[in-house]
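> Please work out how this folds:
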Amino acid sequence: MTPRPTLYLMVAMTMISTCDVDRKTNNLGSKVDSIESQLKTMQPTLQVENVLGDPEPEKFYEIDGQRVYLEMDGKPVEQYCK
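Numbering: from 1, shown residues only. From the prediction side, this is the model:
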């Protein structure tokens with residue numbers, strides 16, 4: 001049988017670790033909320049411009065200065081990535 005002081009210590013450590021996990025979970029939840037609010041404000045718009053050499057326009061989203069192409073020279077990007 002476990003002596004009482006050891007048993008109390010085990011119970012206390014379990015309670016402390018449970019509180020720590022709960023605190024970390026709450027912190028993670030606030031980070032997720034922050035990311036969700038940032039994404040809601042980032043509403044990217046589809047742009048159609050002729051930015052490459054051929055006469056056909058490109059379709060792309062610009063996010064944080066980076067372009068995400070959907071079409072290049074009027075053709076789907078998948079044709080260029082095979």
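
> so who does E49 touch?
E49 makes contact with P57, E58, F60, according to Cβ atoms under 8 Å, 6 or more residues apart in numbering. All C-beta spots, glycine's among them, are computed from the backbone N, C-alpha and C.

> Can you verify my assumption that L70 contacts V77?
Yes - counting by Cβ atoms under 8 Å, L70 touches V77, with 6.3 Å between them.

> Tell me the buried residues within the contacts of E49.
P57, E58, F60 (16 or more other Cβ atoms under 10 Å).

> Map the structural domains onto the sequence of the protein.
Listed domain ranges for the chain are 1-41, 44-82 (source: automatic domain parsing).

> does G29 belong to a helix or a strand, and which?
Secondary structure assignment for G29, by DSSP states H and E: helix 4-41.

> now that helix: mean pLDDT?
The average pLDDT within helix 4-41 is 67.

> centre of the chain versus the helix or strand following it, how much separation?
On the C-terminal side of helix 4-41, the nearest following helix or strand under DSSP H and E is strand 46-49. Distance, stretch centre to chain centre, for strand 46-49: 25 Å (Cα atoms, centre = their mean, to the nearest Å).

> what's the distance between stretch 70-80 and the middle of its chain?
The answer for stretch 70-80 is 26 Å, by Cα atoms, centre = their mean.

> That stretch: which residues count as buried?
For stretch 70-80, using 16+ other Cβ under 10 Å, the buried residues are E71, M72.

> first to last residue in it, what's the distance?
One end of stretch 70-80 to the other measures 11 Å (Cα to Cα, to the nearest Å).
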